[in-house]
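S.K.: sequence first, then the predicted structure, then my questions.
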Amino acid sequence: MKRSVMYVDDEAINLELFRLNFEDDFNVITAESGEEALTKLRTEHDLIVIISDLKMPGMDGLELISKIKSSSPDKICIMLTAYVETDVMMKAINEELIFRYMLKPWKRSELDRTINDAFERHSKLHI
């Protein structure tokens with residue numbers, strides 16, 4: 001059985017690109033907004049790794065990850081963004097909200113390694 005990964009991004013092309021790159025390795029679940037992601041997380045109980053874009057209308061990625069971690073601290077969250085925002089990155093890391101912060105455009109090999117590292121981290125925390 002494939003492990004599940006959720007990718008949240010307001011740009012449909014980014015969601016499709018992620019799906020095409022990772023659907024052979026993971027059960028890919030996508031959401032176009034923070035609100036949609038939270039709704040899906042209520043029913044997708046086996047989701048461990050969530051990847052979110054930072055800049056989204058409505059609820060941004062940091063707010064989404066804060067909400068996820070407040071109700072499910074065992075989830076492993078990765079921030080993916082096209083913008084270098086040192087203050088946001090430091091806040092997320094210092095508050096232990098994110099596992100990694102990655103820049104777009106991502107390289108498949110690097111993102112794949114990060115996702116697998118996230119699953120390994122989760123396994124180590126739940127031995």
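M.R.: Arrived safely, thanks for sending.

S.K.: the protein: helices as residue ranges?
M.R.: Along the chain, the stretches classed as helices by DSSP state H are 12-22, 34-43, 61-71, 86-94, 108-125.

S.K.: what's the least confident stretch among the ones you listed?
M.R.: Among the helices of the chain, helix 86-94 has the lowest mean pLDDT, at a mean of 79.

S.K.: tilt between that helix and helix 61-71?
M.R.: 10 degrees (axes from the mean of the first three to the mean of the last three C-alpha atoms, to 10 degrees).

S.K.: helices and strands around helix 86-94, which ones?
M.R.: helix 61-71, strand 100-103 (3 or more C-beta pairs under 8 Å, 6 or more residues apart in numbering; DSSP states H and E). Backbone N, C-alpha and C define where each C-beta goes, glycine included.

S.K.: which of the ones you listed sits most buried?
M.R.: Mean neighbour count (mean count of other C-beta atoms under 10 Å) peaks for helix 61-71 among those, with a mean of 19.

S.K.: can you show me the CA trace of that helix as CSV?
M.R.: Listed next in CSV are the C-alpha coordinates belonging to helix 61-71 (Å, rounded to 0.1, in the frame of the first residue of the first chain):
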residue,chain,number,x,y,z
GLY,A,61,0.5,28.0,4.1
LEU,A,62,1.9,29.0,7.5
GLU,A,63,-1.6,29.5,8.9
LEU,A,64,-2.7,26.1,7.4
ILE,A,65,0.3,24.3,8.9
SER,A,66,-0.3,26.0,12.3
LYS,A,67,-3.9,24.7,12.3
ILE,A,68,-2.8,21.2,11.2
LYS,A,69,-0.1,21.1,13.9
SER,A,70,-2.4,22.4,16.6
SER,A,71,-4.9,19.5,16.1
